[in-house]
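Enquirer: Structure, please.
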Amino acid sequence: QVQLQESGPGLVKPSQTLSLTCTVSGGSITANDYYWGWIRQPPGKGLEWMGAIAASGSIYYSPPLKSRTSISRDTSKNQFTLQLRTVTPEDTAVYYCARAPHYSTETDEYDYWGQGTQVTVSS
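Expert: From the prediction side, this is the model:
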C-alpha cells in the first residue's frame, strides 16, 4: 500500500519561498510509469493541479504557476519536493502530494494522496 506524507512549514511570509517535501513509502518513486504530483486547495475553492514529476524524472508544470514553481526529487530518500517562489496570501492553501497511474492534470486521476498540509502565507 502506497503512502504519501507531506512535510514543511505551515507559515510562510509574503515574497518568500514555500518548500514542501513528500515522503513516499510502500513503493518507489522511480518504479513503473507513475506520476507524482502536487495539488493544492485554497480556502473555499477547488483543487488545483500544480505539477508533477514522472518516474522517469520528467517534470511538468501548470502553466499559470510555471514561472514560480520547481519540482525535484531525492531518489535515495524516496521523496519529491515542491518549491513555490515569491508567495502571496493567495497561495494560502492545503497542499497535497499525490500519485497518478499516468500523466494527468486532472486531480481526480490521482489515486493515492497524502493527508495534506495547511500552508498560510502571512506576515
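
Enquirer: rest of the way, CA atoms for contacts and neighbours
Expert: Fine.

Enquirer: can you map out the strands along this structure?
Expert: Here the chain has its strands, by DSSP state E, at 3-7, 11-12, 18-25, 35-41, 48-54, 59-61, 69-74, 79-84, 93-100, 112-113, 117-121.

Enquirer: I'd like those written out as TSV, with mean neighbour count added.
Expert: TSV is the format used below for these (neighbours: other C-alpha atoms under 10 Å):
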stretch	mean neighbour count
strand 3-7	19
strand 11-12	17
strand 18-25	21
strand 35-41	25
strand 48-54	23
strand 59-61	18
strand 69-74	18
strand 79-84	21
strand 93-100	25
strand 112-113	18
strand 117-121	20
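
Enquirer: which residues of the protein score low on pLDDT?
Expert: In the predicted model, the chain carries no residue with pLDDT under 70.

Enquirer: Now do the same contact list for the residue nearest the centre of it.
Expert: Geometric centre of the chain, nearest residue: residue 38, 2.2 Å, by C-alpha atoms, centre = their mean. For residue 38, the contacting residues are 49-52, 82, 95-98, by C-alpha atoms under 8 Å, 6 or more residues apart in numbering.

Enquirer: I'd like the distance between the nearest residue to residue 69 once chain neighbours are set aside and residue 119.
Expert: Counting by C-alpha to C-alpha, 6 or more residues apart in numbering, residue 69 lies nearest to residue 84, which is 4.7 Å off, once chain neighbours are set aside. Computed as C-alpha to C-alpha, to the nearest Å, the residue 84 to residue 119 distance reads 11 Å.

Enquirer: Check residue 13 too.
Expert: Separation of residue 13 from residue 119 (C-alpha to C-alpha): 10 Å.

Enquirer: same question, residue 47
Expert: Taking C-alpha to C-alpha, one finds residue 47 at 15 Å from residue 119.
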